[in-house]
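# show me how the following folds:
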Amino acid sequence: MRVVIPPRVASRRKPVAWCLEPHDLVLAKCVAGRERDWDFAREMLRARLVIGKELLGRVDQLPVDQTARSQVRSLLTRAIRVTTTLS
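Okay, here's the model as predicted:
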């Protein structure tokens with residue numbers, strides 16, 4: 001979907017807004033790895049706005065090294081387990 005955002009009066013540049021697909025957004029935040037990012041990921045899972053299996057399926061496509069992918073996969077698996085137990 002494309003949304004047009006009107007430019008600010010003083011700006012001559014055309015604004016561009018990029019909206020990530022929810023699974024990609026959660027994975028990007030997981031790679032960042034801050035506690036607030038993991039809180040966000042858990043809340044997205046709890047609210048069923050993303051699917052755990054889909055997130056895990058995309059981990060290998062992340063443009064980071066294998067160590068980072070392994071860490072994301074491990075923490076994501078734990079987050080999925082916790083949120084499905086609470087649901």
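
# what sits against the residue nearest the centre of the chain?
By C-alpha atoms, centre = their mean, the chain has its centre lying nearest to residue 26, at 1.2 Å. By C-beta atoms under 8 Å, 6 or more residues apart in numbering, residue 26 lies in contact with 40, 41, 44, 50, 55. To be clear about C-beta, it is placed using only N, CA and C from the backbone, and glycine gets the same treatment.

# where does the prediction get shaky in the chain?
1-9, 11, 15, 86-87 (pLDDT under 70).

# how many residues are close by residue 13?
Residue 13 has 7 neighbours, counted by other C-beta atoms under 10 Å.

# let me redo that: residue 37
15.

# may I ask which helix or strand encompasses the nearest residue to it once chain neighbours are set aside?
The shortest distance from residue 37 to any non-neighbouring residue, by C-beta to C-beta, 6 or more residues apart in numbering, is to residue 29 (3.7 Å). In the assignment (DSSP states H and E), residue 29 maps to helix 22-32.
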